[in-house]
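*Asks:* need a structure here:
(one chain, ligands or ions: 2)
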Amino acid sequence: MEIKAVQKATILSQALPYIQKYNGKIVVIKYGGNAMKNETLKQNVMSDVVLLSEIGIKVVLVHGGGPEINYMLDKTGKESHFVNGLRYTDEETMEVVQMVLAGKTNKDLVSLINQKGARAVGISGMDAHIIEAVPYQAKGADLGYVGAISKVDGSLILDVLDKGYIPVVASVGCDKEGHSYNINADTAAASIAAALHAENMILVSDIPGVLKDPNDEASLISCIYLDDIPYLQQSGVISGGMIPKVECCANALHGSVAKAVIIDGRVPHSILIEMFSKDGAGTMFQRKEV
Ligand SMILES: Nc1ncnc2c1ncn2[C@@H]1O[C@H](COP(=O)(O)OP(=O)(O)O)[C@@H](O)[C@H]1O
Ligand SMILES: CC(=O)N[C@@H](CCC(=O)OP(=O)(O)O)C(=O)O
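*Replies:* Numbers count the residues shown, from 1 in each chain. Ligands and ions are numbered 1, 2, ... in the order given. Next up is the predicted model:
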């Protein structure tokens, strides 16, 4: 018992400088649908979010909910079709995406945070023009109502933070004519993190990070420099949902976010380990080798 207490005190004393570094700073945490499938895991991640807020860190929670969208589409007999990790989104699919993300998933997370003693405000990228979208058109792909982000207005999020609430943001955007767009949640997190000049953007998934071999969880790449990314893409090391994730980490760093990481939400307190330990967790993205 005594040894455990000493170990805990040591961990806390080592964490103190990091806790001080983040005080009053903005951290954007993107919570992906794959890491929401398990209730215990969800509770753990939300407990960490609440703890960060309690110690004076301004946490912005941006969330996805891909598996839940799949489930609802399945129920209505609609098949999901992905191109480079992005869901082809026709009008019917868009309705389901909006219902799931801005409705069920958003409010479930808000409720969990509130139960843990903090105060969360659930919004979507459509509120107060947070995410202005245009049709996504990269590489000649027509993905229907998938949105690329043309502008972010972070003022509502800043107001919510200043009042001591935790903003919980669903990744749905809107164009100038008021049409809804389906935004990949990693993309939404990176653009919001850049607009708010966040200290850290943490993408929480259910994999250890970027793996050299996606079938081998022990093959974690713990640090990726921006210059390494084209090789990882061209060689096929990253595919599917990892493509937007890696692009987003690069965009966040280009957009003045100090640090971007992909971590494993299945590891208890992985967010705290990432932020408050020397070695961090998962895969960290850096501008250049120093
Ligand atoms: N090199 C890689 N390392 C890890 N995962 C990879 C890699 N390449 C492709 N992937 C895939 O990317 C997925 C993570 O993206 P995604 O499913 O969109 O997660 P989330 O829902 O958490 O945003 C992994 O489950 C894996 O199937
Ligand atoms: C365009 C696009 O693909 N949008 C995503 C939005 C949700 C999301 O990104 O959820 P995860 O974080 O759980 O993957 C989708 O429809 O699944």
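
*Asks:* from here on, just use CA atoms for contacts and neighbour counts.
*Replies:* Fine.

*Asks:* which residues touch stretch 62-75?
*Replies:* Outside stretch 62-75, the residues that touch it by CA atoms under 8 Å, 6 or more residues apart in numbering are 28-34, 36, 79-80, 93, 96-97, 100-101, 105-106, 168-171, 184-186, 188-189.

*Asks:* for the stretch 51-200 of the chain, which residues are neighbours of ligand 2?
*Replies:* By CA under 6 Å from any ligand atom, the residues of the stretch 51-200 of the chain that approach ligand 2 are 64-66, 86-87, 146, 182-185.

*Asks:* where along the stretch 101-250 of the chain do the helices fall?
*Replies:* Counting by DSSP state H, counting those that start in this stretch, one finds helices in the stretch 101-250 of the chain at the ranges 106-115, 155-162, 185-195, 229-234, 242-254.

*Asks:* can I get those in CSV with distance to Ala281, mean neighbour count and mean pLDDT?
*Replies:* Output for these, formatted as CSV (distance: least, CA to CA, whole Å; neighbours: other CA atoms under 10 Å; pLDDT from 0 to 100):
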stretch, distance to Ala281, mean neighbour count, mean pLDDT
helix 106-115, 23, 19, 98
helix 155-162, 26, 16, 98
helix 185-195, 18, 27, 97
helix 229-234, 19, 13, 91
helix 242-254, 15, 21, 93
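
*Asks:* now tabulate those in TSV and tack on distance to Ile221.
*Replies:* Output for the helices of the stretch 101-250 of the chain, formatted as TSV (distance: least, CA to CA, whole Å):
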stretch	distance to Ile221
helix 106-115	30
helix 155-162	33
helix 185-195	19
helix 229-234	11
helix 242-254	12
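
*Asks:* ligand 1 is nearest to which of the ones you listed?
*Replies:* helix 242-254 (4.0 Å; CA to the nearest ligand atom).

*Asks:* just want the angle from the closest one to helix 185-195.
*Replies:* Interaxial angle of helix 242-254 relative to helix 185-195 (axes from the mean of the first three to the mean of the last three CA atoms, to 10 degrees): 0 degrees.

*Asks:* ok, and what's touching stretch 104-115?
*Replies:* 43, 46-47, 49-50, 63, 65, 100, 119-123, 168-170.

*Asks:* can you tell me the SS state at the residue nearest the centre of the chain?
*Replies:* Most central in the chain under CA atoms, centre = their mean is Lys30, positioned 1.5 Å from the mean C-alpha point. Secondary structure, DSSP: H, G, I helix; E, B strand; the rest coil: Lys30 is strand.

*Asks:* what residues are bridge-paired with it?
*Replies:* Beta-bridge partners of Lys30, counted by DSSP bridges, are Val62, Leu203.

*Asks:* so how far is ligand 1 from it?
*Replies:* Using CA to the nearest ligand atom, to the nearest Å, Lys30 is found at 8 Å from ligand 1.

*Asks:* number of nearby residues for Ala133?
*Replies:* Neighbourhood size, Ala133 [other CA atoms under 10 Å]: 28.

*Asks:* so it touches Ser171, yeah?
*Replies:* No - checked against CA atoms under 8 Å, the pair Ala133 and Ser171 is beyond contact range at 11.0 Å.

*Asks:* care to break the protein down by domain?
*Replies:* Per automatic domain parsing, the structural domains of the chain span 25-38+50-189, 205-290.

*Asks:* anything in the last one near ligand 1?
*Replies:* Yes - contact between domain 205-290 and ligand 1 is present through 205-206, 209-214, 237-242 (criterion: CA under 6 Å from any ligand atom).

*Asks:* what subset of these is buried?
*Replies:* 205-206, 209-212, 214, 237-239, 242 (16 or more other CA atoms under 10 Å).

*Asks:* give me the distance between whatever residue of the stretch 51-200 of the chain ends up closest to ligand 1 and Lys30.
*Replies:* When scored by CA to the nearest ligand atom, the stretch 51-200 of the chain has Gly66 as its residue closest to ligand 1, at 5.9 Å. Separation of Gly66 from Lys30 (CA to CA, to the nearest Å): 13 Å.

*Asks:* alpha carbons only: can I get the lowest-mean-pLDDT helix or strand in the chain in PDB?
*Replies:* Here the helix or strand of the chain ranked lowest by mean pLDDT, DSSP states H and E is helix 2-22, holding a mean of 77. This file holds the C-alpha atoms of helix 2-22, laid out as PDB (Å, rounded to 0.1, in the frame of the first residue of the first chain):
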ATOM      1  CA  GLU A   2       2.700   2.400   1.100                       C
ATOM      2  CA  ILE A   3       4.700   1.800  -2.100                       C
ATOM      3  CA  LYS A   4       1.700   2.500  -4.200                       C
ATOM      4  CA  ALA A   5       1.200   5.800  -2.400                       C
ATOM      5  CA  VAL A   6       4.900   6.700  -3.000                       C
ATOM      6  CA  GLN A   7       4.600   5.700  -6.700                       C
ATOM      7  CA  LYS A   8       1.400   7.900  -7.100                       C
ATOM      8  CA  ALA A   9       3.100  10.800  -5.400                       C
ATOM      9  CA  THR A  10       6.100  10.500  -7.800                       C
ATOM     10  CA  ILE A  11       3.900  10.300 -10.900                       C
ATOM     11  CA  LEU A  12       2.000  13.400  -9.700                       C
ATOM     12  CA  SER A  13       5.100  15.400  -9.000                       C
ATOM     13  CA  GLN A  14       6.500  14.500 -12.400                       C
ATOM     14  CA  ALA A  15       3.200  15.600 -14.000                       C
ATOM     15  CA  LEU A  16       3.100  18.900 -12.200                       C
ATOM     16  CA  PRO A  17       5.100  20.900 -14.800                       C
ATOM     17  CA  TYR A  18       2.900  19.600 -17.600                       C
ATOM     18  CA  ILE A  19      -0.200  20.400 -15.700                       C
ATOM     19  CA  GLN A  20       1.100  24.000 -15.200                       C
ATOM     20  CA  LYS A  21       2.000  24.200 -18.900                       C
ATOM     21  CA  TYR A  22      -1.600  23.500 -20.000                       C
END
